[in-house]
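>>> sequence first, then the predicted structure, then my questions.
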Protein chains: 2
Amino acid sequence: MAQGKNAFYAQSGGVTAVINASACGVIETARSNRQQIGKVYAGRNGIIGALNEDLIDTSLESKTTITALRHTPAGAFGSCRYKLKSLAESAAEYERLIEVFKAHNIGYFFYNGGGDSADTCLKISQLARTKGYPIQAIHIPKTVDNDLPITDNCPGFGSVAKYVAVSTREASFDVASMAKTSTKVFIVEVMGRHAGWIAAAGGMASDRKTEIPILILFPEIPFERKSFAAAVTRKIKRFGYCSIVVSEGARDTTGRFLADQGLKDAFGHTQLGGVAPVVAGMIRDDLGLKYHWAVADYLQRSARHTIVRISNSPYRWTIGEADLNRVANREKMMPRSFISRNGFGITARCRQYLMPLIAGEDYPPYRQGLPLYARLKNIPVKRKLANTFNL
Amino acid sequence: MAQGKNAFYAQSGGVTAVINASACGVIETARSNRQQIGKVYAGRNGIIGALNEDLIDTSLESKTTITALRHTPAGAFGSCRYKLKSLAESAAEYERLIEVFKAHNIGYFFYNGGGDSADTCLKISQLARTKGYPIQAIHIPKTVDNDLPITDNCPGFGSVAKYVAVSTREASFDVASMAKTSTKVFIVEVMGRHAGWIAAAGGMASDRKTEIPILILFPEIPFERKSFAAAVTRKIKRFGYCSIVVSEGARDTTGRFLADQGLKDAFGHTQLGGVAPVVAGMIRDDLGLKYHWAVADYLQRSARHTIVRISNSPYRWTIGEADLNRVANREKMMPRSFISRNGFGITARCRQYLMPLIAGEDYPPYRQGLPLYARLKNIPVKRKLANTFNL
């Protein structure tokens, strides 16, 4: 039987609870279409695996293990934070990739990541064409932040949205119980970078049947300390307590992050974190109220135990296509129409958008009380190139 | 049909994911034993409800709602942090309680809380006898910290243990994916006050089938910065990454909490929190490694979505009794035999103890993607006393 060219698959950037489900989809689909796609080689630790010619032969993993990827969080082949330089700055990187792809008869490049990965895909496909070794470069969307343009929503967002909505409801029940004599304000810090999608999911904790006083601090809305304190006071007066969902990317009116650790990651993005204690300090200093704060960090991003992603009628979807240059390096923020007039809540339109993304439950299998996640053998493909590449 | 005396039930201190399950048990059992127990009156916001004669008539709640308490986190009647003074200091408080109980024909006092609540029960039962109005005072154990003596384990601990074990496994998968080029150390701060039980549950994330490098910082083991840094280095060398579970109650060799906000709660206990960023700072300063940190706070305590509490063969249990003076105001720490020799891990014996406590899954019902929790009507009982009580 004739076999198609091999495919290369790599995971990039911060992993999610469902990036392995995308890997599972690529591998299973390739396996059932041998005429089109031969073997799927995965990059060990993302694109670095291609540069180092450190490829994993996924054909050596069992069917059961590949199926189990669907419910296994994080990146089964390893991910990386390594941004390829521009073509002008470092053509060598791109040429090395094409050299490796050529050596292993790779005709398909699947890159599973955010906007940066789309940009890499774009450059690879452009360069490959000019080098006379055409490669079909396909970007598989992945972010927790939901900040990719064009796609209705991004795999990785539904699971974190559900986690934040459920946890905010649960913790709000807790603070409501304690408010009479103790904690009156609960603050939870969530991810999302510059976009407020994940924070918006906190707003879903409250609905008509279960009303909860929630204030959301969106990156899209410049933070004003006075109006914030006034909003908290109003909630406390009416409900006796208040829950605050603060995005790691919340900024003040000068554009400065409320919490800036001063570190930058490999992509040159500021490393965020620690805004919850900053807001807690304001609650203490401005209002003298007792508070508790939590930072969800990796717990939200890797949480598989509350995950959903079941497409339900009337929620329907189809898979579309988008040119890479419409996706690469663009961030999709929350539209103003999704944020309530006072800036601290979500609107009915936002609720409609989020509802199908957190609907349904999809629990993983358990063994002795713990979720049973797949671990691959990750056997390397024999190297074919004599030269190595210095990262 | 003859009716027994009424019962008073109140929730005290930090609530948990399962304190309402205890309430459900009391109310349902009373309802099916009318000859012994008449109505169950709940204190609004704990013992304060009794002092203020603000009693909730639980007989006005539907059967369905009371059943739904079993899976509803936090305190359905409100809890409080209000420690009764000693008999010598404030006999008035205790006399007021007995006055209220007498007015409402209350013969049973159920107090659902930790060691302080057991102490209150003890005092009530002693005073009631001397006042010629005997009351059966029953302490219902409730802590997340698992630090009550005598009982094998404490309702509220199993759910948080499962949450911490699952989340530590998930987040460890995440950091393992990122470690090659980015985050190498993940730190999660958990509750537990002065006892390391909850932190120990983090050790369950790793088992023979799914080995994960985990270091635990127990309150029972004085923290030494140098040996800690060395232990992290060893894990990184061998696995490429490391997860750290730090108890909020971790202390240095002088007995000082690693993170002490300097606040005290109504019971005079130091208010803990914020040790994760302190440990993260050490990782940065001593080892120069990239880290992420999370603070689970109320998320762990209220998390219902991962809860267990199914007693399985070979795990069997019976309900025993203990005199209140053996429980009141005592903390049960982790036995040294449960902690590994180097102080950073759990032993096989600890694992055996914890295993049945996190076994099994018990998911709540969901509606539109969110857990459906009960909210009671909480209708007050008509006051019978002319005088009020100043707290």
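Structure's in. What do you need?

>>> ok, then the element right after the lengthiest helix in chain A?
Counting residues, the longest helix in chain A under DSSP state H turns out to be helix A:157-178. Following helix A:157-178 in sequence order, the next helix or strand is strand A:185-190 (DSSP states H and E).

>>> close to chain B, is the next helix or strand after that next one?
Next helix or strand after strand A:185-190 toward the C-terminus (DSSP H and E): helix A:197-202. No - using CB under 8 Å from any CB of the partner chain, we find that helix A:197-202 stays clear of chain B, coming within 10.2 Å at best. From N, CA and C alone the C-beta is placed, and that goes for glycine too.

>>> I'd like the mean pLDDT over whichever helix or strand comes after helix A:197-202, please.
As assigned by DSSP H and E, the chain's next helix or strand after helix A:197-202 is strand A:214-217. For strand A:214-217, mean pLDDT rounds to 95.

>>> the strands in chain A, which residues?
A:5-11, A:37-43, A:55-57, A:106-113, A:136-141, A:185-190, A:214-217, A:242-247, A:260-264, A:270-272, A:291-295, A:366-367, A:370-371 (DSSP state E).

>>> just checking the distance from the longest helix of chain A to the centre of its chain.
Centre-to-centre, helix A:157-178 and its host chain are 19 Å apart (CA atoms, centre = their mean, to the nearest Å).

>>> one more: stretch A:167-181?
28 Å.

>>> that stretch - what's its average pLDDT?
Mean pLDDT, stretch A:167-181: 92.

>>> and the pLDDT at the residue minimising distance to the centre of chain A?
Note on chain A: the residue nearest the mean C-alpha position is A:V144, at 2.0 Å, using CA atoms, centre = their mean. Among the per-residue scores, A:V144 holds a pLDDT of 90.

>>> pretty sure it is touching A:A195, no?
No - counting by CB atoms under 8 Å, A:V144 sits too far from A:A195 to count as a contact (10.3 Å).

>>> ok, how many other residues are close to A:G360?
When neighbours are defined as other CB atoms under 10 Å in any protein chain shown, A:G360 has 18 of them.

>>> can you give me phi and psi for it?
The phi/psi pair for A:G360 (degrees, to the nearest 10) reads phi 90, psi 150.

>>> hmm, it is touching B:G369, no?
Yes - here A:G360 reaches B:G369: they are 6.8 Å apart, a contact under CB under 8 Å.

>>> could you measure from the closest residue to A:A276 other than its chain neighbours over to B:A276?
Closest residue to A:A276 apart from its sequence neighbours, by CB to CB, 6 or more residues apart in numbering or on different chains: A:E189 at 3.7 Å. From A:E189 across to B:A276, the span is 12 Å (CB to CB, to the nearest Å).

>>> mind listing the shared neighbours of these two?
Common contact partners of A:E189 and B:A276 (CB atoms under 8 Å, 6 or more residues apart in numbering or on different chains): A:V295.

>>> quick check: mean pLDDT of stretch A:288-300?
So the average pLDDT for stretch A:288-300 ends up being 92.

>>> also stretch A:196-206?
Here the average pLDDT along stretch A:196-206 is 93.

>>> what residues does the stretch 1-150 of chain A put near chain B?
Residues of the stretch 1-150 of chain A found near chain B (CB under 8 Å from any CB) are A:11, A:14-15, A:17, A:45-46, A:48, A:72-76, A:78-82.

>>> check the stretch 151-300 of chain A too.
Residues of the stretch 151-300 of chain A lying near chain B (CB under 8 Å from any CB): A:162, A:165-167, A:169-171, A:173-182, A:186, A:188, A:204-205, A:207, A:209-210, A:265-266, A:273-274, A:276-277, A:292-299.

>>> select only the buried ones of those residues in ChimeraX?
Buried members of these, defined by 16 or more other CB atoms under 10 Å in any protein chain shown, are picked up in ChimeraX with:
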select /A:162,165,166,167,169,170,171,173,174,175,176,177,178,179,180,181,182,186,188,204,205,207,210,265,273,274,276,277,292,293,294,295,296,297,298,299
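
>>> for A:A50, which non-adjacent residue is spatially closest?
Computed as CB to CB, 6+ apart, the closest residue to A:A50 that is not its neighbour in sequence is A:G43, at 4.9 Å.

>>> residues near that neighbour, how many?
Counted with other CB under 10 Å, A:G43 comes out at 27.

>>> got it, and A:A91?
12.

>>> roughly how far does it sit from A:K123?
The gap separating A:A91 from A:K123 is 10 Å, by CB to CB.

>>> need the residues touching each of the two.
Residues touching both A:A91 and A:K123 (CB under 8 Å, 6+ apart): none.

>>> doesn't A:I244 make contact with A:V175?
No - taking contacts as CB under 8 Å, A:V175 lies outside contact range of A:I244: 10.2 Å.

>>> so what sits against both of the two?
A:V185, A:F186.

>>> just to revisit the earlier point, any idea which of the strands of chain A scores lowest on pLDDT?
Comparing mean pLDDT over those, the weakest stretch is strand A:270-272, at a mean of 48.

>>> report the beta-bridge partner residues of the residue nearest to A:A50.
For A:G43, the beta-bridge partners under DSSP bridges are A:L55.
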